[in-house]
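K.L.:
for reference, the sequence and a predicted model appear below.
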Number of protein chains: 4
Amino acid sequence: MPETVEIGLGRSARRGYHLDELALLPTRRTRGAEVVSTSWQIDAHAFEIPLVVAPSDAVVSPSTAVEIERLGGLAVLDGEGLWTRYDDAAEQLAALDGTTAGLQKIYGQAVSPDLLRKRIGQLRDAGVRVAVRLSPQHTVELAPHVLAEGVDLLVIQGTVISAEHVAAKDASSGELNLKTFIASLDVPVLVGGCGDYQTALHLMRTGAAGVIVGYGAHRGSTTHLALGIDVPMATAIVDAAAARRDYLDETGGRYVHLIAYGDMATGGDIAKALACGADAVMLGQALATAVEAPGQGRYWDATAAHPRVPRSTVFSGVAVDLRVSLEEVLHGPASDASGEQNLFGSVRRAMGKCGYSSLKEFQRAGLILHSGRG
Amino acid sequence: MPETVEIGLGRSARRGYHLDELALLPTRRTRGAEVVSTSWQIDAHAFEIPLVVAPSDAVVSPSTAVEIERLGGLAVLDGEGLWTRYDDAAEQLAALDGTTAGLQKIYGQAVSPDLLRKRIGQLRDAGVRVAVRLSPQHTVELAPHVLAEGVDLLVIQGTVISAEHVAAKDASSGELNLKTFIASLDVPVLVGGCGDYQTALHLMRTGAAGVIVGYGAHRGSTTHLALGIDVPMATAIVDAAAARRDYLDETGGRYVHLIAYGDMATGGDIAKALACGADAVMLGQALATAVEAPGQGRYWDATAAHPRVPRSTVFSGVAVDLRVSLEEVLHGPASDASGEQNLFGSVRRAMGKCGYSSLKEFQRAGLILHSGRG
Amino acid sequence: MPETVEIGLGRSARRGYHLDELALLPTRRTRGAEVVSTSWQIDAHAFEIPLVVAPSDAVVSPSTAVEIERLGGLAVLDGEGLWTRYDDAAEQLAALDGTTAGLQKIYGQAVSPDLLRKRIGQLRDAGVRVAVRLSPQHTVELAPHVLAEGVDLLVIQGTVISAEHVAAKDASSGELNLKTFIASLDVPVLVGGCGDYQTALHLMRTGAAGVIVGYGAHRGSTTHLALGIDVPMATAIVDAAAARRDYLDETGGRYVHLIAYGDMATGGDIAKALACGADAVMLGQALATAVEAPGQGRYWDATAAHPRVPRSTVFSGVAVDLRVSLEEVLHGPASDASGEQNLFGSVRRAMGKCGYSSLKEFQRAGLILHSGRG
Amino acid sequence: MPETVEIGLGRSARRGYHLDELALLPTRRTRGAEVVSTSWQIDAHAFEIPLVVAPSDAVVSPSTAVEIERLGGLAVLDGEGLWTRYDDAAEQLAALDGTTAGLQKIYGQAVSPDLLRKRIGQLRDAGVRVAVRLSPQHTVELAPHVLAEGVDLLVIQGTVISAEHVAAKDASSGELNLKTFIASLDVPVLVGGCGDYQTALHLMRTGAAGVIVGYGAHRGSTTHLALGIDVPMATAIVDAAAARRDYLDETGGRYVHLIAYGDMATGGDIAKALACGADAVMLGQALATAVEAPGQGRYWDATAAHPRVPRSTVFSGVAVDLRVSLEEVLHGPASDASGEQNLFGSVRRAMGKCGYSSLKEFQRAGLILHSGRG
């Protein structure tokens, strides 16, 4: 039975846990990192590491997507980001002043379907697997362009998404019906975010190949302040894993992948998300300090530029001389002890110390709940 | 059964939860903000947003009351504030030095019944709905003036109020009996604050139209230090909602509104208070940074000027160039990501992401209890 | 049943609560402060406020004892402090440099029984009730001098005391047996500190008039760091109150007073200690900022000068212009909102808002356990 | 039953407690420090204090090992530290720049078996009991040299160790089998770290004389960040004590010692670890500020120099004039109130205040779980 608390007379709340309240608990044999695999496969696509890079203009550009592919992960280009709004996106990025108002202004430019197609073409020409993110609000309008150009994975992603959205517009003229839309596609779809069992199950039933758990909470996120919505990631992943299990049973074998997104800054955070049941992680801010990151050390996500309710400050820049290569961030070697470098080398060692050799087995790792460290 | 803890041998304490320990948990369909309503009606009075502005001289003056009405909320003028003590209240406000001693001195001047009537007249002339707050200590003396001049809502409010107050004075000569007093009035009354089921129920039985839950804890509050009294708002609102439900049953249908007052600085805080069961919120400090606020960026409440036990420091001023209009505070668009601008636009989006279209329905929203974020 | 937690396989720990985790919960009528009494009587001695001032050289000198008596409380002179080690104690105090080493040096001087008798004489001559503290280690040696000179209350106090102490010395030659010792006296004795039911009960059985709960934890205390001993005061007071109740039954009516000592800096802290079941409070640091305090704004207790394991830093001085009179600290009016002035005026208001008119009734006040405020 | 929490649907986590969440709870007689013994005996070796000094180059050198022996404890030389990598280790230590990269570079030099033997010889010549630590990875290669030279205790220690390690290498050619290896030795072995009952029991079954609980978390540790592994020491020690009890029963009397390692900076921390069930403590950082410490006030452990995943920053140096002698750190007298001096004098007083006269009895001390102090 999930833990609930009566917060007052006749009203209960579910208890939720964050990743930083948990630790891995090695309780069995240990393994050397060299006999541990972090390989991940979704649909026809195999990856060396279970990494999906978040559709943030601060970390994914057409050129970083190539490097991310080379390093074993999957980059998601924001189909509604600067690269599809501006022909000179790189110049626009270089000119960003780091304020919310500055972001609101630059993202005020309309998305160009032509540019969207052009960027997809660039990625395809570079020989990488192409993944593009659209918001639920603009999927009906923009997806045809994306699909026409051809992508390997489509990502439909908002802060909170549901399989049944109610809007003012007439549903027949442009409203997204996730279930019928996804059913009509040949390309695998990642869809989210969500934070509970019910929504996760409903999203699985749309036919999605993967469900994104969480909305990408990072150090600059203010969604919890502005909206009162927060996703304790450990509980959310565990609940979505229960939905995955039930859906597997319900369908007699369809396995939907869980992509954890939020509150992961270090190798340990990633390891704990995987141990809670995630198949892969979506990382944004964790990669922002890489030398190659288009944000030049700054980080923001799509909510930062919302015209009426911005929900992310721009994470202030990291000095150039403290930044290391994307390869060092992902695969090391680490030259500091922050836990923020060699992220997947760290994951491999965490898996080994817990005695697991594959990601799927690692989802059974022992967990201990504790008061955390300041 | 409410959660109780045995804190020592033979002595139990109720467990109480603050709003910042909760998050909204979207678990169903989502709705666009444009198909969500925040309208609120109490007695004959309808409001676009469920906002009662606290009777603090830092945020309510005769002129801001007009602007608040225009923006869809209700302003409460402090009947015992500077506007009813000084003919030149604006000059007195401008000269405030921000110290406790300075406040004690300026509030040492007696309230003038003539000025009180004059201020009410000014508000009425401006065409706004008139709400005036009196303290329980001075209601017997000052209410006749207020009622003679005519108000739309009377607010009888102290830090902690009860339906049965015991004082040294002979009860026959000037002591307030809330039940007989309110029963004698035609005008709807808001009464509070309170923090538990029993007191809320007793206050409902006085015939009040609304009960204020909490005492307005804000960043400068020291009531918890000076008196050891604190109101974990989530639990207090939920308990008062249980009293509202029981009183509704007891009376065969009289619905008393709950006005949550305290610990709300952002749109998310407000959304959570409403989700716990509040019908409306009373905001003070959250509006203090508005350009129009008479406190010029500073905030204090009536307890700050108490002659013997002051219980609120003066919240230090916000630089003028960081302040935005009251309209932007309430309705946006927000130009920063603090969650402290576009408060009710944020509430509307929170309601939509949880799938509710009206405030009353939103009182059933899913809640998750978690460790909060520093 | 007291709350216990299994911290590991086969090992349980009691759960303890600090005062700052609790708040008073007004749930009934309210009372004006003018109809609330804070009077306290122990043995033949009546006091206007339930205040015992801690035997710290930083707050009690022969002259402050006079002022404390005038203000309604009881001062305890440290029989092993500077006043009984130095003829020129005032000069020694003025020359203190605020370091641990400095304290260790000045307290290295032996206690003079003659000076001890002289100081008692001074107090008696000033017409105040005389209370002197001795450590359990030196009671056998020094008590005869104290008793010969005549005191109104004897305080036997260490960090942790027990009714059965085992020492290397031959018990027949100088070891304190609390039970036989106290039984032999005519003067009422306060004895402590203690932190649990069992020790409290044993100390009551020595015949003491009062038991001190806690060891006086203050902002500079490091007993928890050095010894791993800490006393969650709320739980400790509640447990001692259970012992008081059981001892009352066991003796057919002997009421032993509980003096809470530790973690009380504000009026609210004191109110909560009283509501947990304390009959009076022992305050030290809370009075250190008074203009009259011999420590000149600094605070330390007897553990600060321990020659081998000092367990209190010297709380750094408060600037003279921020200090107010002892009368303002105890009875107000407060000129700031810190909750650290008008301590007992605040207590009276807290009692009134909870609806109680006497300290004994107030021990039944409602309590709420919450996460506290940073 | 150990406390478990359902963190989400169908997934439980054990609840773990840190030492700083506990306090000792004196509940019985008290004892003078002079009638308390801290003596500890493991195998044939008796020690005045239950101290094993961690194999960190920052605190153990051939010369400090002599001083530690003189002061009643046991020093463990890191068999893979600078002293076995460099002939001029002292010069290398003096030249350290305190960065992770600097450590990685200096520890990049290979261990010399000849130097290893030379250092052991130096220790033996100095007349101290010799303890040397090897990592599980290099035990097969280096242990023959250590054993040939002769040691009193062998320490096989990594962050997390198991009785069954799986590596890529062919197990027949160099892989450590703890059980057969330890069984083949005459010298007593300490082995660890571990953090749970199962691993502790398995390590006991290898025939080890002592099991190390924890991985030595200190102020600069980042293992929890990099790997997501953390050991709440109170729970880990209690669980290992349960394993010790069960193993004692299983073997009809073989008592394996528990050496607690991590989160101990003060005398109180040590006392609590012993009260949880540890037979002795392994201290590193706590001794780093001693004047004699080779790290000159800085502290790091073996994980700090890991070539790919460093997991400890170099704790920044303490100014020379604030450092005291190792004797003062261990036996006092303390000249400040930090709790970080006179560590074992503090332990003795803590034992006395709880009424225990030996370490074994003290393992039954009362514990209270509380919210800790900032």
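P.N.:
Now that the structure is in, tell me what you want to look at. Residues are numbered from 1 along each chain as shown, chains lettered A, B, ... in the order given.

K.L.:
is stretch A:57-71 anywhere near chain D?
P.N.:
No: if you take Cβ under 8 Å from any Cβ of the partner chain as the test, stretch A:57-71 misses chain D, and the best it gets is 15.7 Å. Any C-beta I mention is one placed from the backbone N, CA and C, and that applies to glycine too.

K.L.:
show me which positions of that stretch end up buried.
P.N.:
Applying a neighbour-count criterion of 16 or more other Cβ atoms under 10 Å in any protein chain shown, one finds A:57-62, A:64-69, A:71 buried in stretch A:57-71.

K.L.:
just those residues now: which is nearest residue C:77?
P.N.:
The closest of these to residue C:77 turns out to be residue A:58 (Cβ to Cβ; 66.6 Å).

K.L.:
which residue sits closest to the closest one, ignoring its sequence neighbours?
P.N.:
residue A:295 (3.0 Å; Cβ to Cβ, 6 or more residues apart in numbering or on different chains).

K.L.:
still on that earlier bit, out of the buried residues of stretch A:57-71, list just those in helices.
P.N.:
Using DSSP state H, the members of these that fall within helices are A:62, A:64, A:65, A:66, A:67, A:68, A:69.

K.L.:
so who does the residue in chain A positioned nearest to chain D touch?
P.N.:
Scanning chain A for the residue nearest chain D gives residue A:238, at 2.6 Å (criterion: Cβ to the nearest Cβ). The contact partners of residue A:238, taken as Cβ atoms under 8 Å, 6 or more residues apart in numbering or on different chains, are A:276, A:277, D:7, D:8, D:9, D:10, D:11.

K.L.:
likewise for residue A:221?
P.N.:
Residue A:221 neighbours (Cβ under 8 Å, 6+ apart): A:215, A:301, A:303, A:311, A:312.

K.L.:
what about burial for those residues, which qualify?
P.N.:
Counted by 16+ other Cβ under 10 Å, these give A:215, A:301, A:303, A:311, A:312 as buried.

K.L.:
quick check on the second one: phi, psi?
P.N.:
The reference is to residue A:301. Dihedral pair for residue A:301: phi -120, psi -180, per degrees, to the nearest 10.

K.L.:
quick check: it vs residue A:223, distance?
P.N.:
Using Cβ to Cβ, to the nearest Å, residue A:301 is found at 10 Å from residue A:223.

K.L.:
identify the contacts common to these two.
P.N.:
Counting by Cβ under 8 Å, 6+ apart, the residues touching both residue A:301 and residue A:223 are residue A:312.

K.L.:
of the contacts of residue A:238, list those near chain B.
P.N.:
Counting by Cβ under 8 Å from any Cβ, no member of those reaches chain B.

K.L.:
show the buried residues in those.
P.N.:
Using 16+ other Cβ under 10 Å, the buried members of these are A:276, A:277, D:7, D:8, D:9, D:11.

K.L.:
helices - which of the residues you listed land there?
P.N.:
residue A:276.

K.L.:
quick check: the farthest pair among the buried ones among the contacts of residue A:238?
P.N.:
A:276 and D:9 (11.5 Å).
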